[in-house]
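**Q** predicted model follows, preceded by the sequence.
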Amino acid sequence: MAIMILKAYKFYTGQNAMANERGIFQDADTISDWAKDAVFAATEFGLTKGRGGQLFMPHEKLNRAESCQIISLLLHKVNK
């Protein structure tokens with residue numbers, strides 16, 4: 001989902017959100033390599049937070065409320 005959200009952000013703003021910090025999550029080594037940049041950028045940009053305890057849990061499914069939260073945060077960023 002992080003990749004889709006960042007692509008939507010770029011589509012609406014023309015800007016890339018890039019990550020400066022890595023290793024934010026204790027389970028960062030379980031995030032797929034192809035998704036790491038997007039996960040870290042989305043987190044640094046304030047679009048995702050993980051699931052508490054500094055865990056991202058990349059192989060767990062998002063529930064409806066979590067998805068709505070991320071989309072809401074994206075819309076607030078885009079409409080500023």
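**A** Thanks, I have the structure now. Numbering: from 1, shown residues only.
**Q** which strands or helices does the helix or strand harbouring Gln69 pack on?
**A** Using DSSP states H and E, Gln69 sits in helix 64-78. Counting contacts by 3 or more Cβ pairs under 8 Å, 6 or more residues apart in numbering; DSSP states H and E, helix 64-78 is packed against helix 2-13. Backbone N, C-alpha and C define where each C-beta goes, glycine included.
**Q** neighbouring contacts of the helix it packs on?
**A** 15-17, 35, 38-39, 41-42, 45, 47-48, 70-71, 74, 77-78 (Cβ atoms under 8 Å, 6 or more residues apart in numbering).
**Q** export that helix as CSV, just CAs?
**A** Extracted C-alpha coordinates of helix 2-13, given in CSV (Å, rounded to 0.1, in the frame of the first residue of the first chain):
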residue,chain,number,x,y,z
ALA,A,2,2.9,2.4,0.7
ILE,A,3,3.9,2.3,-3.0
MET,A,4,0.4,3.0,-4.2
ILE,A,5,0.0,5.9,-1.7
LEU,A,6,3.3,7.5,-2.8
LYS,A,7,2.4,7.1,-6.4
ALA,A,8,-0.9,8.8,-5.8
TYR,A,9,0.9,11.6,-3.9
LYS,A,10,3.3,12.1,-6.8
PHE,A,11,0.4,12.1,-9.3
TYR,A,12,-1.4,14.9,-7.5
THR,A,13,1.6,17.0,-6.4
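**Q** could you point out which element follows that helix?
**A** Sequence-wise, the next helix or strand downstream of helix 2-13 (DSSP H and E) is helix 33-44.
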